[in-house]
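**Q** Build me a model:
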Amino acid sequence: MEFNKLLIERRSVRKFDASKTVTEDQIREMIDAARFAPSWKNDQPARYYAVCSPEKLAEIAEGGITPNNIHKIPGTVMLVQTFVKGTSGFNNGVADNRCGDLWGAYDLGLSTAYLILKAKDLGLDTLIMGMRNGDFLREALQIPENEELMAVIAVGYKDEEPALRPRKPADEIVKFF
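**A** Presented below is the predicted three-dimensional model:
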């Protein structure tokens, strides 16, 4: 897909087509794209836990997804995303900037952008959900304590056409000097 079209057509989808299946190969392609996102000192702190099996998806839906998001996930696979704490923005375990682990979250955000754009390029759609039961997900997916759990990304084939929401004009968000 042409890049500008890809940027404009990507949407947060809240209803997925349960008759279509996302493959492990598609998830691998998305992760491969995400690996090329820049990160502080090339630390690459992003981690993804791909929940694909129907049994594990049911378990995650039951305990890991908040009630306001549960209806949005039939027909998807779930990517639980984390970043390794104490790497981006750190030197020998000491923060070498005042943001500390916020750089890990920043780097994860860059990785996520690559991932969701690749999903769209593959004909898939996504929904990033920040509201989740982190303690449940950490235990169910055996996420180590040195990783900060951020969000869950639902990936699937859309079963709706979300409208383009208004965007602020460039002149409202930039200052030129």
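**Q** Check which helix or strand residue 150 maps to.
**A** Element membership for residue 150, per DSSP states H and E: strand 147-156.
**Q** Show the contacting residues for residue 8.
**A** Each residue near residue 8 by Cβ atoms under 8 Å, 6 or more residues apart in numbering is listed here: residue 164. Placement of C-beta: from N, CA and C, glycine included.
**Q** Would you map the strands across the protein?
**A** Here the chain has its strands, by DSSP state E, at 46-51, 76-84, 90-91, 94-95, 125-129, 147-156.
**Q** Quick one: mean pLDDT for the longest one?
**A** Across strand 147-156, pLDDT averages out at 95.
**Q** Partner strands of that strand and their direction?
**A** Taking DSSP bridges as the criterion, strand 147-156 forms sheet pairs with strand 76-84 (antiparallel), strand 125-129 (antiparallel).
**Q** follow-up on the earlier one: gap between the strand holding residue 150 and the chain center?
**A** Taking Cα atoms, centre = their mean, to the nearest Å, one finds strand 147-156 lying 5 Å from the centre of the chain it belongs to.
**Q** Likewise for stretch 52-69?
**A** With Cα atoms, centre = their mean, you get 16 Å for stretch 52-69.
**Q** what about it, how long is it end to end?
**A** Length of stretch 52-69, first residue to last, Cα to Cα, to the nearest Å: 18 Å.
**Q** which one of the strands of the chain is the most hemmed in?
**A** Neighbour counts (mean count of other Cβ atoms under 10 Å) averaged over each of the strands of the chain peak at strand 76-84, with a mean of 24.
**Q** and the angle from that strand to strand 46-51?
**A** 150 degrees (axes from the mean of the first three to the mean of the last three Cα atoms, to 10 degrees).
**Q** neighbouring contacts of strand 76-84?
**A** Residues outside strand 76-84 that contact it (Cβ under 8 Å, 6+ apart) are 16, 22, 27, 30, 43, 45-52, 57, 60, 64, 101, 104-105, 107-108, 111-112, 115, 127, 132, 137, 141, 143, 146-156.
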